[in-house]
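Got a predicted structure here, sequence first:
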Amino acid sequence: MVLRLIKGKQESRGPNGKREFQEGGTQMSTNTQKLRVLRSRTDHDLLVIVNRELDRGLAMVEAAASRNSPLFTKAEKAFSTATALVPRIVGLGEGDRLRIEKTVKELWSRLAQVPQYANVRPYPASVAS
């Protein structure tokens with residue numbers, strides 16, 4: 001068995017000849033290590049997507065004149081997409097989670113404030129005589 005120290009972890013060749021890393025008394029194969037890195041990247045990418053969707057939703061809701069507006073529909077879709085993705089982020093830090101919750105509440109509040117109908121000015125009826 002050959003041992004090497006790599007970035008604070010011991011690398012060795014297991015009985016099957018595969019490289020294994022020992023961290024805190026447990027052995028971790030290179031495949032497991034690759035999966036951890038991949039999961040970390042996926043979590044980061046999901047966090048970026050969630051933040052973009054929330055920002056997009058806030059921009060759309062500001063431009064929406066009424067709930068019948070296509071922009072309001074896009075803002076609602078951005079809200080639902082972001083809220084559906086948040087539970088899938090396994091490695092979400094406390095600071096990121098709090099920031100996302102704050103933005104979700106803000107978007108929800110702004111969506112609720114959009115009037116049902118656009119402000120339409122009444123035009124005087126002219127009757128032909």
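Perfect, I can see it now.

and the gap between residue 84 and residue 29?
33 Å (C-beta to C-beta, to the nearest Å). (Each C-beta comes from the backbone N, C-alpha and C, glycine too.)

the more surrounded of these two?
The residue with more neighbours, out of residue 84 and residue 29 and counting by other C-beta atoms under 10 Å, is residue 29; that gives 14 against 11.

Would you mark the buried spots in the helix or strand where residue 60 lies?
With elements delineated by DSSP states H and E, residue 60 resides in helix 30-63, which encompasses its position. Neighbour counts using 16 or more other C-beta atoms under 10 Å place 43, 46, 47, 50, 53, 54, 56, 57, 58, 60, 61 of helix 30-63 among the buried residues.

And stretch 65-73, by the same measure?
Applying 16+ other C-beta under 10 Å to stretch 65-73 flags 69, 71, 72 as buried.

Show me the residues you listed that map onto helices.
71, 72 (DSSP state H).

The spatially closest residue to residue 88 that is not a sequence neighbour and residue 67, how far apart?
What sits nearest to residue 88 in space, not counting adjacent residues and going by C-beta to C-beta, 6 or more residues apart in numbering, is residue 46, at 6.1 Å. With the distance defined as C-beta to C-beta, residue 46 ends up 29 Å from residue 67.

Can you report how many residues lie near residue 100?
Using other C-beta under 10 Å, residue 100 has 20 neighbouring residues.

got the buried residues for the strand or helix carrying residue 108?
Residue 108 is part of helix 94-113, with elements assigned from DSSP H and E. Within helix 94-113, the residues scored as buried using 16+ other C-beta under 10 Å are 96, 100, 103, 104, 107, 110, 111.

counting contacts, what elements does it pack onto?
In terms of contact count using 3 or more C-beta pairs under 8 Å, 6 or more residues apart in numbering; DSSP states H and E, helix 94-113 is assigned the packing partners helix 30-63, helix 70-85.

Tabulate the ones you listed (JSON lines), appending distance to residue 117 and mean pLDDT.
Putting these into JSON lines (distance: least, C-beta to C-beta, whole Å; pLDDT from 0 to 100) gives the following:
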{"stretch": "helix 30-63", "distance to residue 117": "16", "mean pLDDT": "95"}
{"stretch": "helix 70-85", "distance to residue 117": "12", "mean pLDDT": "97"}
